[in-house]
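> pasting the sequence and the predicted model now:
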Amino acid sequence: MPQTIDLINFLLSGTDVSQWPKLTCTQPGQLDLQDAGLRLPGSRDILFQDNGQIRSGDDTHRLVFDRTGGLLELHEAGAIRFLTGIPTPTEKLRILATGQVGIGTATPTSLLHVTGDTHTDGALRVAGQAVVGGPLTVESQVGIGTATPTQKLEVVGTVKATAFQLQQGTAINEFSSDGKLADNSDAAVPTERAVKEYIDNLLVGCVAAFATTTPPPGWLECNGQAISRTQHARLFAQISTTFGQGDGSTTFNVPDLRGLGIRGWDHGRGLDSGRNFGSYQGDAFQDHQHSFSGTSASISGGWHSHEALNAGFYQHVKLSGGGNAEVRQYGNGQTWSAEHAHAYIPSGSISTATTGSRASETRIKNLALIYCIKS
């Protein structure tokens, strides 16, 4: 029968026997070293003939050499710390029991939490959340929400950021839904809806001509129609009843520009004085004169007779143009005096239009389009 030894004590000079290192075998296949550590010379190995492990106390703290699976496993119920550096090693990496990995931080809050610069020469693919606390420089395409980006940055999904830095240095820290753009901020980007609302509000009451027979969406034809004060509250706030009272309570009128042109309101300049804003003005000719050039004239009748009436010493002549003329005798002659009319026919020309366009109105060359007002 082989000789058995339950306990081997290794003499440690000057130390109580109870503190001597001990080598025991407490169960099959297990050799225990107590009150001492195991130190090997630099050229010596710990060799496992097959699978093996180094553990501390129980299975929750061990290093497993799985030769069958080709694995080296580190089993730890708590966190794992990696420390490097001299003379005093410092922590460089920590793996929590919950699976978060921290590089440069002892309290990672995500699967991979890096504090400091990160550099990779290959692809970096993240399937979940990624938090970057410092600069991130990428020299190729970056895909967020896609594994096949085709642009420098391609995002599939929603982007949430505290700020965006533009090339010229302006920081963008919000997307604004304010349709009035009241903040007038360089740090806010308005949403599509906010831009549309702002432009709509800006154009309310604007009159424009369109090359279509029907008004575009959001516009009304300027045909004098009465429209609801509540449904078109923005327009009513702008023009009120300037172009018509409507029914006096629930409606108001838009301008009627059918067949008309628009003239700028004089507003104190003096070219069209006395006009109220929005008032109608009919067509008119400016006062003017025409010149006449003639070359000769004649008096109708040539030789003509007068009727003489015997009234005593004086003779009265009846004039064909009206009135009487007195005829007095003095020696061998007679004197005629009286005002009376003769027909005068000028010989000359006045320039008048005998060719070209003629119409019942005065107008300029024009093109018929539809006037509409923004509601």
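Ah, there it is. Numbering: from 1, shown residues only.
> I'd guessed N51 sits against D66; true?
Yes. With contacts counted by CB atoms under 8 Å, N51 reaches D66, the gap being 5.7 Å. Backbone N, C-alpha and C define where each C-beta goes, glycine included.
> common neighbours of those two, please.
Common neighbours of N51 and D66 (criterion: CB atoms under 8 Å, 6 or more residues apart in numbering): none identified.
> is it true that L153 touches G145?
No. With contacts counted by CB under 8 Å, L153 stays clear of G145, the gap being 11.2 Å.
> could you look up the SS state of L202?
Assigned with DSSP: H, G, I helix; E, B strand; the rest coil, L202 falls in the helix class.
> cool, and R55?
State at R55, reduced to three classes by three-state DSSP: strand.
> A237 too?
helix.
> can you count the residues close to it?
11 (other CB atoms under 10 Å).
> residues touching it, list them.
Contact partners of A237, counting by CB under 8 Å, 6+ apart, are V204.
> could you do G143 as well?
Counting by CB under 8 Å, 6+ apart, G143 has contacts P149, E154, V155, V156.
> so can I have CSV of those showing neighbour count?
What follows is these, written out as CSV (neighbours: other CB atoms under 10 Å):
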residue, neighbour count
P149, 16
E154, 14
V155, 13
V156, 10
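> any idea which of those is the one closest to G246?
G246 has its nearest neighbour among those in V155, at 51.2 Å by CB to CB.
> from P135, how far out is the residue lying closest to the closest one once chain neighbours are set aside?
Leaving aside its sequence neighbours, V155 sits nearest to I144 (CB to CB, 6 or more residues apart in numbering; 4.5 Å). From I144 over to P135 the distance is 17 Å, taken as CB to CB, to the nearest Å.
> so between these two, which is more surrounded?
For I144 and P135, the more surrounded residue by other CB under 10 Å is I144, and the numbers stand at 13 against 7.
> thought that one was touching E154?
Yes. The pair I144 / E154 is scored as a contact, 7.2 Å apart, by CB under 8 Å.
> confirm that Q286 lies within a helix, as I assumed.
No. Counting by three-state DSSP, Q286 is not part of a helix but coil.
> number of nearby residues for it?
Counted with other CB under 10 Å, the neighbours of Q286 add up to 4.
> relative to G259, how far out is it?
22 Å.
> cool, and Q27?
Taking CB to CB, one finds Q27 at 112 Å from G259.
> do the same with G145
On the measure of CB to CB, G145 and G259 end up 58 Å apart.
> any idea how far stretch 45-64 is from the chain center?
Counting by CA atoms, centre = their mean, to the nearest Å, stretch 45-64 is centred 66 Å from the centre of its parent chain.
> can you give me every residue that contacts the closest residue to F175 other than its chain neighbours?
With sequence-adjacent residues excluded and distances taken as CB to CB, 6+ apart, F175 is closest to V189, at 5.2 Å. Taking CB under 8 Å, 6+ apart, we find V189 in contact with I172, E174, F175, S176.
> biggest separation within those, which pair?
Pairwise distances among the contacts of V189 were taken by CB to CB; the largest, 10.2 Å, belongs to I172 and S176.
> give me the common contacts of the two.
Taking CB under 8 Å, 6+ apart as the contact rule, the neighbours common to I172 and S176 are A188, V189.
> now the strands for the stretch 151-300 of the chain?
153-155, 164-165, 171-172, 174-176, 188-190, 207-210, 219-221, 226-228, 251-253, 293-299 (DSSP state E, counting those that start in this stretch).
> give me the below-cutoff pLDDT ranges for the stretch 251-375 of the chain.
Residues of the stretch 251-375 of the chain meeting the criterion pLDDT under 70: 292-356.
> okay, now the domains of this structure?
Domains of the chain are assigned by automatic domain parsing as 1-35, 152-202, 203-253.
> by mean pLDDT, show me the worst of those.
If you rank these by mean pLDDT, domain 1-35 sits at the bottom with a mean of 71.
> now do Q225 against A127, distance only.
60 Å.
> between these two, which one's more packed in?
Ranked by neighbour count (other CB under 10 Å), Q225 and A127 place Q225 first, with 14 against 7.
> that one and A208: what is the separation?
Per CB to CB, Q225 is found 17 Å from A208.
> repeat that for N223.
The gap separating N223 from A208 is 15 Å, by CB to CB.
> likewise for P89?
From P89 across to A208, the span is 76 Å (CB to CB).
> what of R269?
24 Å.
> when those two are compared, which one has more neighbours?
Between R269 and A208, counting by other CB under 10 Å, A208 is the more crowded of the two (15 against 9).
> thought F252 was touching A233?
No. If you go by CB under 8 Å, F252 and A233 don't touch, sitting 10.6 Å apart.
> these two: who's more crowded?
F252 (22 against 12).
> what sits closest to the more buried one if chain neighbours are left out?
G246 (4.3 Å).
> report how many residues lie close to the one you found.
G246: 18 surrounding residues under other CB under 10 Å.
> what residues are up against it?
A226, I227, R229, F252, N253.
> which pair in the residues you listed spans the largest distance?
R229 and N253 (10.8 Å).
> the residue nearest to V155 and D117: what is the separation?
Distance of I144 to D117, given as CB to CB: 20 Å.
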